[in-house]
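Colleague: When you get a sec, could you give me coordinates for this:
(one chain, ligands or ions: 1)
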Amino acid sequence: MSYVLQGAGREHIVLEQARALEQWRSARWDTFRINSPLAFSRLMGQRDGLPDRQRGLSLRTMLGLWDDCIAERAFPIHEQSKVVAVEQAPDARFRVHVEREAGPHVYLARNVIAAPGNYQRPRIPACAGQIGPQIEQRRVGTYTNPSALREGSVLVVGGGQTGVQLSEELAQAGRRVYLATSMVKGTPRSHRGEDIMFWLDRTGLLATPKEELIDPGERQDRLPIVGSDHPISHHSLARMGVTLLGTLRGMSANGELALFDNNLDENMRFAQTGYDELIGQIEEWIARQDDAVRLSFAAPVAEPEWRPHPPLSALAPPAELNLRQAGIHTVIWATGWRADLSWLLIDDVVRALDTHGLPQACDTPVDGFFWLGFPWLRTRTSGNGAGFHLDAPYIASRLR
Ligand SMILES: Cc1cc2nc3c(=O)[nH]c(=O)nc-3n(C[C@H](O)[C@H](O)[C@H](O)COP(=O)(O)OP(=O)(O)OC[C@H]3O[C@@H](n4cnc5c(N)ncnc54)[C@H](O)[C@@H]3O)c2cc1C
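Modeller: A predicted model of the protein is given here:
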């Protein structure tokens, strides 16, 4: 946003409660790699000289590229400046209350663009409180690597992107892993020899406008079960020895038993259907192209990770697991995040949030107040690095 505002010659500042890119600096794990090829991971204005197709970049490398861009462009970022309240002032401006080490400060602004991220507070089920101190609990942000965990087996809760990537890492490190799955779509990492992001882009699926969203429940980024540079599936995890379970329903009152829904089969079918549907959509798009375009693509080769692992279909996962008997000394919560909008004191903007308390569009009922960086604000890609370059210029065009 700052890049676009610089280009438009608009006076602005960026208020950041910690350091620029704080989420990336402190809420990932040691081996984390960026999910999308560089073409979809750059900041606006980033000049790195690397190929668009470069993928699987380590977080350290990616942060270096982002930091270089921030320094080169000299974005006016005020770090260690936490916004604690935004309210409307009588003169149609916004009063932005900021806390800093030096003391509180109030800004008056004609426009406010709120981009606090969708990942402020980890979403951890209440049953975590029933687990005794003999079991270590970690989450994204406190998990670093397998050797930093207590010896023994690990229960990973949450079968989205984070849960499957950590399960794979732990199994590769020789840990016995139990994964409580959830209902998330599978995604190919590549298709016809190209990273899936290029296909999502080329077919128009990446930037699908919100108005064309068929399933209004689908407010999630489109890479739920996938690795950063290779595919991951329930089948590939099972082949590595990961024990797949239904969704964690709760803990027994004494905290000894983890209780699971009887839905592993359903979760697996949901993942597979999502995977198949996406390939089907891409193939339909290819079929509509003329011969020259169609023949320019490599032949489709199924990803071996999604080849069914036969014992899984006959699997009856346990409905409960005695953590002590299973040798589990660590539970990792990969159960998602929620936004923290507690600073928002403008009733009309609050009323326009959806039932999950999330912004629904860049525009709000209040002139001069905008949202950026949440899923499906304008398109499928509004909530991740591939989408900000679409929404930021739009917001700039709507400023007072
Ligand atoms: C585990 C994980 C992996 C991901 N991997 C990818 C990926 O590979 N590629 C991708 O494109 N996306 C990925 N995402 C999504 C990614 O987080 C977003 O694409 C991107 O970080 C969103 O940028 P943002 O600036 O909108 O939000 P954030 O990066 O969350 O930045 C928001 C900033 O606002 C600050 N802030 C919040 N509240 C206040 C306040 N009150 N006052 C001042 N400052 C405040 C925060 O400190 C933070 O620095 C991943 C998310 C997670 C959780």
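
Colleague: what's the neighbour count on the residue in the stretch 301-400 of the chain that the ligand sits nearest to?
Modeller: The minimum distance from the stretch 301-400 of the chain to the ligand, using C-beta to the nearest ligand atom, falls at residue 373 (2.5 Å). Placement of C-beta: from N, CA and C, glycine included. By other C-beta atoms under 10 Å, the residues close to residue 373 number 24.

Colleague: That one is in contact with residue 382, isn't it?
Modeller: Yes - using C-beta atoms under 8 Å, residue 373 makes contact with residue 382 at a distance of 7.4 Å.

Colleague: what do the two both touch?
Modeller: residue 391 (C-beta atoms under 8 Å, 6 or more residues apart in numbering).

Colleague: What are the neighbouring residues in contact with the residue of the stretch 301-400 of the chain closest to the ligand?
Modeller: Listed by C-beta under 8 Å, 6+ apart, the contact set of residue 373 reads 115, 116, 117, 118, 382, 383, 388, 391.

Colleague: Tell me if residue 396 really is in a strand.
Modeller: No - looking at residue 396 with DSSP: H, G, I helix; E, B strand; the rest coil, it is helix, so not inside a strand.

Colleague: Excluding covalently adjacent residues, which one is nearest to it?
Modeller: Nearest residue to residue 396 in three dimensions, chain neighbours excluded: residue 4, at 4.7 Å (C-beta to C-beta, 6 or more residues apart in numbering).

Colleague: For that neighbour, what are phi and psi?
Modeller: Dihedral pair for residue 4: phi -70, psi -40, per degrees, to the nearest 10.

Colleague: what's the answer for residue 22, then?
Modeller: phi -60, psi -40.

Colleague: Mind pulling up the pLDDT for the nearest residue to it once chain neighbours are set aside?
Modeller: Of all residues not flanking residue 22 in the chain, residue 16 sits nearest, at 6.9 Å (C-beta to C-beta, 6+ apart). Looking at residue 16, its pLDDT is 98.

Colleague: same question, residue 92
Modeller: 89.

Colleague: Check the one 10 residues further on too.
Modeller: Taken from the predicted model, the pLDDT recorded for residue 102 is 95.

Colleague: Compute the number of surrounding residues for residue 19.
Modeller: Using other C-beta under 10 Å: residue 19 sits among 13 other residues.

Colleague: Number the residues from 663 up from this point.
Modeller: Sure, I'll start numbering at 663, so the last one becomes residue 681.

Colleague: Might one say that it is in contact with residue 741?
Modeller: Yes - using C-beta under 8 Å, residue 681 is in contact with residue 741, at 5.4 Å.

Colleague: Can you verify the residue of the stretch 963-1062 of the chain closest to the ligand is assigned to a helix?
Modeller: No - per three-state DSSP, residue 1035 lies outside any helix segment and is coil.

Colleague: Helix or strand: which one has residue 748?
Modeller: Assigned by DSSP states H and E, residue 748 falls within strand 744-750.

Colleague: For that strand, buried residues please.
Modeller: 745, 747, 748, 750 (16 or more other C-beta atoms under 10 Å).

Colleague: from those residues, which two are the most distant?
Modeller: 745 and 750 (14.7 Å; C-beta to C-beta).

Colleague: mind checking pLDDT for whatever residue of the stretch 813-962 of the chain ends up closest to the ligand?
Modeller: Nearest residue of the stretch 813-962 of the chain to the ligand, counting by C-beta to the nearest ligand atom: residue 824, 4.9 Å away. Note on residue 824: pLDDT of 95.

Colleague: Can you classify it as helix, strand or coil?
Modeller: helix.

Colleague: Distance from stretch 993-1008 to the middle of the chain?
Modeller: Between the mean C-alpha location of stretch 993-1008 and the chain-wide mean there is a distance of 13 Å, by C-alpha atoms, centre = their mean, to the nearest Å.

Colleague: With stretch 921-939 instead?
Modeller: 20 Å.

Colleague: tell me the contacts of the residue of the stretch 663-812 of the chain at minimum distance from the ligand?
Modeller: Per C-beta to the nearest ligand atom, residue 779 is where the stretch 663-812 of the chain lies closest to the ligand, at 2.2 Å. Applying C-beta under 8 Å, 6+ apart, we find residue 779 in contact with 685, 1001, 1035.

Colleague: Now do the buried residues in the helix or strand hosting residue 723.
Modeller: According to DSSP H and E, residue 723 maps onto helix 721-735. Judged by neighbour count (16+ other C-beta under 10 Å), helix 721-735 contains these buried residues: 721, 723, 724, 725, 727, 728, 731, 732, 735.

Colleague: Tell me which other helices or strands the helix or strand that comes right after it touches.
Modeller: Using DSSP H and E, the helix or strand that follows helix 721-735 in sequence is strand 739-740. Other elements packing on strand 739-740 under the criterion 3 or more C-beta pairs under 8 Å, 6 or more residues apart in numbering; DSSP states H and E are strand 676-677.

Colleague: how about the residues of the stretch 763-912 of the chain near the ligand?
Modeller: For the stretch 763-912 of the chain, the contact set with the ligand under C-beta under 6 Å from any ligand atom comprises 777, 778, 779, 781, 782, 802, 824.

Colleague: check contacts around the first one.
Modeller: This points to residue 777. By C-beta under 8 Å, 6+ apart, residue 777 lies in contact with 663, 1033, 1034, 1035.

Colleague: circling back: next, the residue of the stretch 663-812 of the chain closest to the ligand: secondary structure please.
Modeller: coil.

Colleague: Now for the closest residue to residue 911 other than its chain neighbours: which residues touch it?
Modeller: Spatial nearest neighbour of residue 911, excluding adjacent residues (C-beta to C-beta, 6+ apart): residue 921 at 4.7 Å. By C-beta under 8 Å, 6+ apart, residue 921 lies in contact with 910, 911, 912, 913, 914, 981, 982.

Colleague: if we go to 10 Å?
Modeller: Residue 921 makes contact with 789, 908, 910, 911, 912, 913, 914, 980, 981, 982, 983, according to C-beta atoms under 10 Å, 6 or more residues apart in numbering.
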